[in-house]
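Q: with the sequence up front, the predicted model follows.
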Amino acid sequence: MIEAKRSTAPLRIVVAKAGLDGHDRGAKVIARALRDAGMEVIYTGLFQSPEQIVQTALQEDADGIGLSILSGAHMTLFPLVLEQLKAQDAQDVVFFGGGTIPPDDAKALERMGVRAIFTPGTPLQEIVEFVRRECGRRELVN
């Protein structure tokens, strides 16, 4: 009965800002686009640790985590979130992100397990469709 109820509920997505990155306009734009598409969005606010982000996702029963990084610390912070997901046995939570991330780094992060990297200029509809498709799959598995 709970599973049937969950499958009709909107997707729940955590939008996060990690580390000392204080630029959150892009994260708020993404949060609003996902919300406008009918998803429940939990915005963590600024200056979150990878541990806090994953704990929020677990406490909120999130289907996905979207991490925004503009500080240049993506090759440190994305792997730390992946480690926390693994440590909490939560690798089924879809982890994606975006920001000013060079293409070679984006490819490396995807090889590590980040599902997708979106850079500035990516159409919002493309991000919404990705989240629906990938996070919706998680719901079917659970």
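A: Great, that's in hand. Numbers count the residues shown, from 1 in each chain.

Q: who are the contact partners of residue 54?
A: Contacts for residue 54 were tallied using Cβ atoms under 8 Å, 6 or more residues apart in numbering; they are 65, 81, 84, 85, 88, 90, 93. No exception for glycine: its C-beta is placed from N, CA and C like everyone else's.

Q: can you check residue 115 too?
A: So residue 115 contacts 94, 95, 96, 130, 134 (Cβ under 8 Å, 6+ apart).

Q: mean confidence for stretch 81-101?
A: Confidence over stretch 81-101 (mean pLDDT, whole number) is 97.

Q: just give me how far that stretch sits from the chain centre.
A: How far stretch 81-101 lies from its chain's middle: 7 Å, per Cα atoms, centre = their mean, to the nearest Å.

Q: likewise stretch 125-142?
A: Distance, centroid of stretch 125-142 to centroid of chain: 11 Å (Cα atoms, centre = their mean).

Q: what comes up buried for that stretch?
A: Within stretch 125-142, the residues scored as buried using 16 or more other Cβ atoms under 10 Å are 127, 128, 130, 131, 134, 135.

Q: can you put these in JSON lines and add secondary structure, distance to residue 29 and pLDDT?
A: As requested, the buried residues of stretch 125-142 are exported to JSON lines (DSSP: H, G, I helix; E, B strand; the rest coil; distance: Cβ to Cβ, whole Å; pLDDT from 0 to 100):
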{"residue": "127", "secondary structure": "helix", "distance to residue 29": "10", "pLDDT": "98"}
{"residue": "128", "secondary structure": "helix", "distance to residue 29": "12", "pLDDT": "98"}
{"residue": "130", "secondary structure": "helix", "distance to residue 29": "15", "pLDDT": "98"}
{"residue": "131", "secondary structure": "helix", "distance to residue 29": "14", "pLDDT": "98"}
{"residue": "134", "secondary structure": "helix", "distance to residue 29": "19", "pLDDT": "96"}
{"residue": "135", "secondary structure": "helix", "distance to residue 29": "18", "pLDDT": "95"}
